[in-house]
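Enquirer: Build the 3D model from these lines:
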Amino acid sequence: MTSQQRGGYAKGDARREAIVEVATEVFGTLGFRSATMLQIAAACGISRTGLLHHFPTKESLLEAVLAQRDRTSALVVPLPSDVADPDLAAIERLIALARHNASSPEIVNLFSVLSAEAGDPEHPAHAYFLERYAAARAELAAALTRLAARGALVAGTDPRALAIEIIALMDGLQVQWVLAPDSIDMAAVLRHRIQAALLPPYVLR
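Expert: Predicted structure coming up:
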């Protein structure tokens, strides 16, 4: 591969990343259905034809936006390495993710708008959110079940029900935070609820 070819690929990758960044904001503001490829192209400063060169359909662009969101979350908010208990570390990561989201309003907007739209089985992101919530519930419920087996949860706590409640709390906090970001501390509220279900010596940071 020549240096010119490498340069061309690098420019193409940079252009795709820029388009995905803009599309994240547009989808988060207007929703998938209301946003148009023409609007996204205009916001990127390119023609609709130029946009279609990188993303032939609006669905393919949505897939790229959601994939980028998942990659960013995994890289920016990894499991904390200084928490010895792996199940407690998984819970600490949820709180860290809520804290990170407070610095990324475009991501919170995107998730809030698209997850509501995706309740329609015909929505292109329906399967994504269905699988994402199922995996999140299963993963968190498994961690809480192991903690319960070690006597870490308040007596009578149903780990699966608590997992569903925590995920619902995170989503609800995001909606409230979008409306009043200066009044809602998502990480603090989430930490308060989870800590209330834990028994000493299991203490969240």
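Enquirer: who does the top helix by length along the chain touch, helix- and strand-wise?
Expert: The helix of greatest length in the chain, counted in residues with DSSP state H as the criterion, is given as helix 3-30. Counting contacts by 3 or more C-beta pairs under 8 Å, 6 or more residues apart in numbering; DSSP states H and E, the secondary-structure elements packed against helix 3-30 are helix 37-44, helix 48-54, helix 58-76, helix 105-117. Using the backbone N, CA and C atoms, a C-beta is placed for each residue, glycine as well.
Enquirer: lowest average confidence, helix or strand, in the chain?
Expert: In the chain, no helix or strand scores lower on mean pLDDT, DSSP states H and E than helix 3-30, which sits at a mean of 81.
Enquirer: List the buried residues for that helix?
Expert: Under the neighbour-count criterion of 16 or more other C-beta atoms under 10 Å, helix 3-30 has 15-16, 19-20, 22-28 buried.
Enquirer: Return the per-residue confidence for the residue nearest to Arg15 when sequence neighbours are not counted.
Expert: Leaving aside its chain neighbours, Arg15 sits nearest to His54 (6.4 Å; criterion: C-beta to C-beta, 6 or more residues apart in numbering). Per-residue confidence at His54 stands at 96 (pLDDT).
Enquirer: Verify the stated contact: His54 with Glu17.
Expert: No: contact between His54 and Glu17 fails when scored by C-beta atoms under 8 Å: they sit 10.1 Å apart.
Enquirer: still on that earlier bit, quick check: angle from the least confident helix or strand of the chain to helix 37-44?
Expert: Going by axes from the mean of the first three to the mean of the last three C-alpha atoms, to 10 degrees, helix 3-30 is angled at 120 degrees with respect to helix 37-44.
Enquirer: any idea of the angle helix 3-30 forms with helix 105-117?
Expert: If you take the same axes, to 10 degrees, helix 3-30 sits at 60 degrees to helix 105-117.
Enquirer: And this structure, split by domain according to the record?
Expert: Residue ranges for the domains of the chain, per automatic domain parsing: 1-66, 77-205.
Enquirer: Poorly predicted segments of this structure, please.
Expert: Confidence mapping of the chain against pLDDT under 70 gives the ranges 1-10.
Enquirer: what about 90?
Expert: The chain contains residues with pLDDT under 90 at 1-13, 70, 72-79, 81-82, 84, 104, 106-107, 205.
Enquirer: Output stretch 24-34 as CSV, restricted to C-alpha atoms.
Expert: C-alpha atoms of stretch 24-34 as CSV (Å, rounded to 0.1, in the frame of the first residue of the first chain):
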residue,chain,number,x,y,z
THR,A,24,-25.2,11.1,17.2
GLU,A,25,-26.2,14.7,18.0
VAL,A,26,-28.9,14.8,15.3
PHE,A,27,-30.4,11.5,16.2
GLY,A,28,-30.3,12.4,19.8
THR,A,29,-32.1,15.7,19.1
LEU,A,30,-34.6,14.7,16.4
GLY,A,31,-34.9,11.0,16.8
PHE,A,32,-34.1,8.5,14.1
ARG,A,33,-37.4,8.8,12.2
SER,A,34,-37.5,12.6,12.1
